[in-house]
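In: Next one to model:
(2 chains)
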Amino acid sequence: MTEQNNFLECPVSNYYGDVPKGEIQAREIHKQPTPRVEKIRQLYFNTQSSASVEFPYWYTRRWEELEGEIPIVRRAEALKAAFEHSTPAIYPGEILVMGKAPFLRGSYPMPWLSEAFFMAQEGELYQAALDAGKVSADQVTTMGQGGGNVTESVGNVISIAGKFGLRKEEMPMLLDIAKKWYNKSVDDVGHKYEQMVPGYHEKEEIMRAVICMFDSGYTLPQGREVMNYYYPLQYGIEGIKNICDEKMKQTAGYPDMDRIYFYKAVYIILEGIQTWVKNYAEEARFMASLEQDASSKEEYLDIAERLDWLVAHTPRNFHDALQLVWIFHVAVLNEDAISGLSPGRLGQILYPYWKRDMDQGLLTNEKTLELLESMRMKFTEIDCFASMGVVGGVLSGNTFNNLCVGGLTKDGNSAANDLEMLIMESAMTCDTPQPTLSLLYDEKLPEDFLMKGVECTKIGTGYPAWVNNQVAMEFLLNNFKKEGMGLEEARAWSIGGCLETSAGSWMPLVVDGVTHYIPGGSAPATSVGVHFLSLPKILEAVLFDGLDKKTGRRVYPSHGLALNSYEEVWEAFKKYFDSTVEVLTLTNNIQHDVWGRISPSIINSMLKPDCLDTGRDISRKGSRYNRTFNVEICGGVNLVNSLASIKKNVFEDKSFTLDVLKEAIVANFGYAPAAETGAYSLSEQVKDSHYNDWLKIHKQCLDAPKYGNDDIYVDSLFREWQEYFSATCENYISLYGEPLYSCQISVSTHGPMGAVTLATADGRLDGTTFADGSVSAYPGSDKSGPYALFSSATCYNHSLSQNSQLNMKIHPSAIAGREGARKFLEMIKSYLRKGGFHIQFNVVDSRMLKDAQAHPDKYRGLMVRVAGFTQYWVELGKQIQDEVIARTEYSEI
Amino acid sequence: MNHIDCKYYLATDVFKGICKRTKESILADEPHCEDFEKAPKCRYCKHFTESDEFMGLCMNQTHAFPDMQASTCKTFSWN
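Out: Numbering: from 1, shown residues only, chains lettered A, B, ... in the order given. The predicted structure follows:
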């Protein structure tokens, strides 16, 4: 072999339009937060993710004291003790206060859910988790090496999961607590019972092969849902206690006794929350006592007064309402490991307070902006403590608190308002990852509102995502009609998590004697169930008759098909896919049932209609809508591109046989695997000595029809996959007795799932990432312009599924100026009018991302859109960084 | 004694914090200043018995650890 250039022989162009030249182009618009919030943001930039053992210590201590108590009451007492003992921390300049733990980016483990993963990796418990395939995803995840991640142990700080720092002096107590939960946690108890499921062995092999990313029951049992702030706003904490008191009197001794235990549990927890708030008020007074500056002293005293008021009363003004919303948001985050707890349509919820304050001259736009920026910092400070596979491989350190603007009112008019305009402005002046924004696009929304959304998207933060209101409503009516949802209620929906369509309800909030119908979530966690199935890895198992060819382990029984036709390949794929969904549905149902028994949601249940009315928590179907389990997939575009390549190259053109293709796949088409090169996109790979042997076949695979080019050959396969996927989910029944539905977002899973997958028949190489999202093209393969991509993406009915996800990267010059903004909006509208559910953008020069990868210290504040969320570049793992760089950059639209 | 042991220490993360009096950034494990006052921690509580460097007992029955913050503990009592 003669040594030629050392890069891909069949290069892919990652540009549509002219390749940018000259200086790296900065984003067009850059704004600054108010001085107060800028100081807090700089403090955040200099802060590391930190874990505390305080909350789990007091939880576990109280739990152990109450052996024999009714489980939900026992848990309420444990949570109450933990809230009451949380050390308050108020940071200089804050006007919204309270947090998860006594650090700016504080969080803590919840060993009652799972205790094994944070044990020492050489330890017995960790080994047991490894054997059961529970931590396989951890092994193949790359964690961001910069920003606030504590990637290694230093001095008196121990790194956990490559992200969280824990003080050395707290580690023995953490291990002590973890051991107390051994065989008692949701993970361990669930594991005992899930082994009763026929085919359980196959489930463990599926997890080991990272065909499935993680079990939801003990990792992130709640989240990907929309909060409902109605009860605290309408009744206040004391008012809800009074409701519980009354309900206990009505239900005590009557059948369906679970109700009295639920009300008692809610009452107990609210007492704990009241003490928690009072402790913060006390700390604010202490801070005031130390303060020399008169205005700062006054601010601390104002904080104390506000918190004292909210312990027992309903909000008096916008600032009170925002603080109360935040108290309950953090309270829910503290009861479970949660990602994607979305505030929902907060601008519409708080509008009555804001409008009144503005009308009475009590508030200005400038002060509102400062409060909204402060809120953005509080949301950005949220960290979720979970395993490396979950935090890095799925979440990329993000927590997906999605705030939605736009949509329709209860009676079908535009719901956009002036407070939402300020919410979008604050997202530009204080461009932080949280809360991310989604604009619920409807033809009834006013043009100036849409242009504000475009202005915000153009700054390059990746938000707002543009989401189709009508498609979401159609999905909801299809799925929740049986539970009583009508058109009016469908309008109350919002995005939970990064992109999960979530059912909502209109609640009658009375302010100054006037009733305002505010939207809020009325369903539990939407993304629980079968979480992230790697479609290319299942196809790999089909080609190798049930084996994980990477490890040699048998995952599935032999499919028994000779694979002599494309139809046989497709049949075998469906067979393996169905058996995967079946076993994982059953095991996840058990895990979630155990979660509901050992660790039920109490605070979130209390907030969700109609749990307080029925006396049932959300695990006992207390919510108004309960069809919320789903099947999430990853790598759909690589699956379909691979099927197209097999169909055309092997069975139609007979360019090579399936056996030869399999050899080429094992040989990685003559390139070094990504695990060796450390480069995870197709554009930067290194040849091995045999690449000439596979060059022709690799080119034929790369040249096969590709999704994203309005090519009916491959798009018809995509449509067939989509229709099968949504239909087959209906065959499996959740814990709540409802059919599952399809969900398709990649989040960050296309990184680690790609890492364990051999080369694929579409020409993708071993260990590189899959295409992101669900309808994004594979990087460099969309060569025909945005409108061809839109045609491919909308070749099926998007309302069949909970979501679809299209991410695009646009060079800032393509949409520059007012004219560019108009053109950009028209392009977005054209996609949504074709029936697309969601589109979001990275407006960035790819060369800036490459520079940021080489010089991360220069780019602490740089943010990019991944798949449903925005994250600081420096906190992303290399797998995802490489994939975002490789995405096709549109310099023309 | 270090900054982390002081009642005026406000932790921002596991490495560092802010002095509540001066608002200056300080490192958790650096020696304290002359305004130091002990923060309420289990190690200073009369109900706490130390069993080793990192562990002990509260009320002679429940595991606790010496560096646990105790500002919110109703039973904390200076030793």
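
In: So which residues on the stretch 51-200 of chain A come close to chain B?
Out: Counting by CB under 8 Å from any CB of the partner chain, the stretch 51-200 of chain A comes close to chain B at A:51, A:53-54, A:57, A:61, A:84-92, A:102-105, A:148, A:150, A:154-157, A:165-167, A:169-173, A:176. Heads up, the C-betas are built off the backbone N, CA and C, glycines and all.

In: Mind doing that once more with 7 Å?
Out: By CB under 7 Å from any CB of the partner chain, the residues of the stretch 51-200 of chain A that approach chain B are A:54, A:57, A:61, A:84-87, A:89, A:92, A:102-105, A:155-157, A:165-167, A:169-170, A:172-173, A:176.

In: and the residues you listed, which of them are in strands?
Out: A:157, A:165-167 (DSSP state E).

In: Adding neighbour count, pLDDT and distance to residue A:75, write these out as CSV.
Out: Converted to CSV, these look like this (neighbours: other CB atoms under 10 Å in any protein chain shown; pLDDT from 0 to 100; distance: CB to CB, whole Å):
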residue, neighbour count, pLDDT, distance to residue A:75
A:157, 23, 94, 31
A:165, 26, 94, 28
A:166, 24, 94, 24
A:167, 22, 96, 27
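
In: nearest to chain B, of those?
Out: residue A:165 (4.0 Å; CB to the nearest CB).

In: List only those of the residues of the stretch 51-200 of chain A next to chain B flagged as buried.
Out: Buried members of those, scored by 16 or more other CB atoms under 10 Å in any protein chain shown, are A:54, A:57, A:61, A:84-87, A:89, A:92, A:102-105, A:156-157, A:165-167, A:169-170, A:172-173, A:176.

In: can you map out the strands along chain B?
Out: Listed in chain order, the strands of chain B (DSSP E) span B:9-11, B:16-19, B:25-27, B:48-50, B:56-58, B:62-64.

In: Take these and lay them out in JSON lines including mean pLDDT, mean neighbour count and distance to chain A.
Out: Output for the strands of chain B, formatted as JSON lines (pLDDT from 0 to 100; neighbours: other CB atoms under 10 Å in any protein chain shown; distance: least, CB to the nearest CB, whole Å):
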{"stretch": "strand B:9-11", "mean pLDDT": "98", "mean neighbour count": "22", "distance to chain A": "6"}
{"stretch": "strand B:16-19", "mean pLDDT": "98", "mean neighbour count": "21", "distance to chain A": "7"}
{"stretch": "strand B:25-27", "mean pLDDT": "97", "mean neighbour count": "15", "distance to chain A": "8"}
{"stretch": "strand B:48-50", "mean pLDDT": "96", "mean neighbour count": "16", "distance to chain A": "12"}
{"stretch": "strand B:56-58", "mean pLDDT": "98", "mean neighbour count": "19", "distance to chain A": "8"}
{"stretch": "strand B:62-64", "mean pLDDT": "96", "mean neighbour count": "19", "distance to chain A": "6"}
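
In: interface residues of chain A facing chain B?
Out: A:43, A:47-48, A:50, A:54, A:57, A:61, A:84-87, A:89, A:92, A:102-105, A:155-157, A:165-167, A:169-170, A:172-173, A:176, A:279, A:287, A:290.
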